[in-house]
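>>> can you look at this prediction? I've put the sequence above it.
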Amino acid sequence: MSQTGKRSRVRIANAGGYWGDDPGAFLRQLSEGPIDYITQDFLAEITMSILQKQRQRDPSAGYASDFVKQLSSGLDLLTATGTRVISNAGGINPQGCADAVCALARERRKTLSIAVVEGDDLMHRLDSLLGAGHSLSNMETGEPLIGIRDRITSANVYLGAAPVVDALGSGAQIVVTGRVTDTGVTAAIPVHEFGWSLDDWPRLASAVVAGHILECGAQASGGNLTDWRSVPDFLNMGFPICEMEEDGSFEISKHHRCGGLVSRESVTSQLIYEMGNPRSYITPDVVADFTSIELEDKGAGRVRVQGARGEPRPETLKVSISYRDGFKAHGSMIISGPGSVDKARATAEIFWRRLDVEFEETSTELVGFNACHGATAPTSDPPEILLRLGARDKDREKLRGFAELFPSLILSSVSGIAIVGARPRIQEVIAYWPCLLPASEVTPTWHLQGSQQKTRVPSLPPVEGGDGESGSPVLSTRQPSPQSSAIETCQVVLSSFCYGRSGDKGDTCNIGVVARSPRFFPWLLENLTADLVKNFFGEMCRGEVERYEVPNLWALNFLLHQSLGGGGTVSLRVDPQGKTMADALLRSLVEIPASLLEEGM
């Protein structure tokens with residue numbers, strides 16, 4: 001690792017939060033103002049399974065090809081400015097991605113120094129790891145990996161910032177990685193630029209917090225905001241920029257001429273996104289405590305972030321394994337009104353009874369009525385319903401019968417039906433298996449493109465206390481106190497004094513709810529309990545609900561276990577990642593003291 005000594009502040013711009021994000025963001029970030037680094041996060045568990053399928057068809061594939069296209073759009077500026085780029089677009093084939101970037105540079109007669117970070121792919125080591133006594137048991141179910149060994153298609157460990165730091169030390173302008181964490185691609189930058197030690201826990205925690213804010217692109221600069229009407233110019237959406245200082249404090253902003261909105265609300269919404277336990281945000285580099293963060297809205301589209309605390313990194317690394325888990329199919333049709341809801345339900349019953357086959361799982365969703373929010377949806381009779389039927393099973397032949405029978409409904413069931421698209425397509429299900437592996441078993445490497453010599457990055461030494469449990473638990477079991485009948489209350493929707501955001505981790509939905517003012521936070525603490533959220537979502541949430549308190553952000557964080565139908569590629573739901581569930585909760589009616597509402601707004 002090297003310390004440049006050139007900057008007291010480094011400007012890091014994000015230009016993508018997932019594979020499929022705005023293809024114009026890279027060029028906007030590069031052209032609208034001076035930027036030292038651009039980071040892009042392309043990978044999610046679902047993305048890894050897609051890339052694996054692609055590489056099965058074509059050995060040269062397996063990386064996010066959009067990355068190469070975006071580099072092409074800004075290549076002239078990139079070489080002129082010297083802006084450096086770090087991305088995990090390499091997916092399961094980082095060398096293939098680097099080869100494609102190199103070919104682009106040759107075609108455009110540009111000179112680029114490219115570094116490749118590898119070592120996350122464990123597929124060829126699984127048997128030796130199992131033989132050495134590592135059970136690689138599923139973190140959610142406790143099942144040993146051996147039960148699915150013959151169905152595994154990929155296995156990648158989440159690497160941290162260390163190998164990226166070393167690759168930056170080589171002077172490479174482009175660093176392409178495999179499964180480096182979402183936060184790691186950002187955290188490596190200040191470590192390299194300022195020469196931080198990899199056991200400087202407070203500053204590493206700050207870098208991880210910055211990475212978490214940046215990792216989902218425009219979600220930190222106005223995208224997916226509860227108060228979306230307040231966001232200007234979605235057409236020219238600005239992506240976030242982090243200006244990191246040597247002491248670890250930083251400011252979030254965006255280019256002035258771009259649209260979007262950077263505010264306390266936008267930054268907090270991203271901080272609570274997929275947060276888990278706020279005192280124990282575990283990464284390969286550090287365990288960050290999100291309850292220590294201090295936010296200051298500086299105005300003019302700038303938010304200052306400081307005060308992050310960190311604990312030693314864990315002794316284990318998370319491994320993401322994908323495996324074949326049967327097949328699924330979906331079919332959709334429009335059911336028109338009047339009586340669209342009743343007609344849709346009748347059509348579904350006709351279909352399932354005609355088919356008369358037992359599947360491992362089926363789904364019946366009335367999109368436009370209750371598909372995303374289940375029984376919490378308000379009663380209505382919309383003019384049309386998109387009826388979406390799905391089935392999943394290990395037996396492909398059962399799914400063939402589903403697909404063949406589906407179109408027959410158009411002429412032999414209720415009136416006013418239009419089939420959407422062609423006959424249902426049978427898809428192979430690639431499921432997700434999270435597990436842990438001692439960090440000592442993983443040795444990342446990096447090399448410069450064109451060099452045959454790979455540099456090993458030794459495992460960082462274990463640190464006493466690095467168990468991933470930071471501080472005392474903030475899991476809340478608080479129960480509401482009875483409202484005094486003498487207090488005048490009014491009934492309002494929760495969103496009138498809160499905002500929120502939701503997302504997924506496997507089959508668990510994460511819902512963050514934030515008070516719009518510190519005045520409302522005591523009411524949230526007292527009244528928005530885990531039991532209330534569990535009862536609100538009813539049968540949608542099959543597991544327990546955990547509640548965590550984040551008082552520094554005026555927020556509560558809820559983990560709804562077994563609430564996404566298996567999550568990711570396994571789920572039959574129209575919203576398998578729980579993106580809409582915060583809106584459902586914010587729509588709920590609550591009783592709040594009238595005086596509090598009047599004083600707080």
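Nice, I can see it. Numbers count the residues shown, from 1 in each chain.
>>> now the strand ranked longest in the chain: average pLDDT?
In the chain, taking DSSP state E as the definition, the longest strand is strand 316-336. Mean per-residue pLDDT for strand 316-336: 94.
>>> any regions of the stretch 301-450 of the chain where pLDDT drops low?
By pLDDT under 70, the low-scoring segments of the stretch 301-450 of the chain are 370-375, 377-379.
>>> rewinding a little: which other helices and strands contact the longest strand of the chain?
Judged by 3 or more CB pairs under 8 Å, 6 or more residues apart in numbering; DSSP states H and E, the packing partners of strand 316-336 are helix 45-57, strand 152-157, helix 340-355, strand 384-393, helix 396-405, strand 417-420, strand 427-438. (Each C-beta comes from the backbone N, C-alpha and C, glycine too.)
>>> who does the shortest one touch, helix- and strand-wise?
Using 3+ CB pairs under 8 Å, 6+ apart as the contact test, the elements touching strand 417-420 are strand 316-336, helix 409-412.
>>> ditto for the first one
For helix 45-57, the helices and strands in contact under the criterion 3+ CB pairs under 8 Å, 6+ apart are strand 152-157, strand 316-336, strand 427-438.
>>> would you agree residue 421 is in contact with residue 333?
No - applying CB atoms under 8 Å, one finds residue 421 not in contact with residue 333, separated by 9.2 Å.
>>> show me which of the two is the more surrounded one.
Counting neighbours by other CB atoms under 10 Å for residue 421 and for residue 333 shows that residue 333 has the greater number, 22 against 10.
>>> strands paired with the longest strand of the chain, and their directions?
Using DSSP bridges, the strands paired with strand 316-336 are strand 152-157 (antiparallel), strand 384-393 (antiparallel), strand 417-420 (antiparallel), strand 427-438 (antiparallel).
>>> the shortest one: which residues count as buried?
By neighbour count on 16 or more other CB atoms under 10 Å, the buried set for strand 417-420 is residue 417.
>>> tell me the SS of residue 196?
Under DSSP: H, G, I helix; E, B strand; the rest coil, residue 196 falls in the coil class.
>>> give me the number of residues near it?
22.
>>> OK, contacts around it?
Residues near residue 196 by CB atoms under 8 Å, 6 or more residues apart in numbering: 190, 203, 204, 207.
>>> re earlier: out of the helices and strands packed on helix 45-57, which comes closest to residue 488?
Nearest of those to residue 488, taken as CB to CB: strand 316-336 at 44.9 Å.
>>> where does this structure dip in pLDDT?
When residues are selected by pLDDT under 70, those of the chain lie in 1-6, 370-375, 377-379, 462, 464-486, 599-601.
>>> would you map out the domains in it?
Domain assignment of the chain by automatic domain parsing yields the ranges 9-121+157-281+294-305+442-456, 326-425, 489-600.
>>> start and end of the shortest one, how far apart?
Start and end residues of domain 326-425 are separated by 14 Å (CA to CA, to the nearest Å).
>>> also the longest one?
For domain 9-121+157-281+294-305+442-456, the first-to-last residue distance is 30 Å (CA to CA).
>>> in this structure residue 559 contacts residue 510, no?
Yes - the pair formed by residue 559 and residue 510 meets the contact definition of CB under 8 Å, at 5.9 Å.
>>> mutual contacts of the two, please.
residue 276.
>>> show me the helices in the stretch 501-601 of the chain, by range?
Along the stretch 501-601 of the chain, counting by DSSP state H, counting those that start in this stretch, helices occupy 521-527, 530-537, 581-586, 594-600.
>>> for residue 438, find the nearest of these.
Nearest to residue 438, of all the helices of the stretch 501-601 of the chain, is helix 530-537, at 33.3 Å by CB to CB.
>>> and residue 315, which of the domains of the chain is closest to it?
domain 9-121+157-281+294-305+442-456 (11.5 Å).
>>> before we move on, back to that, turn the helices of the stretch 501-601 of the chain into a markdown table, columns for mean neighbour count.
Shown next, in a markdown table, are the helices of the stretch 501-601 of the chain (neighbours: other CB atoms under 10 Å):
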| stretch | mean neighbour count |
| --- | --- |
| helix 521-527 | 17 |
| helix 530-537 | 18 |
| helix 581-586 | 23 |
| helix 594-600 | 14 |
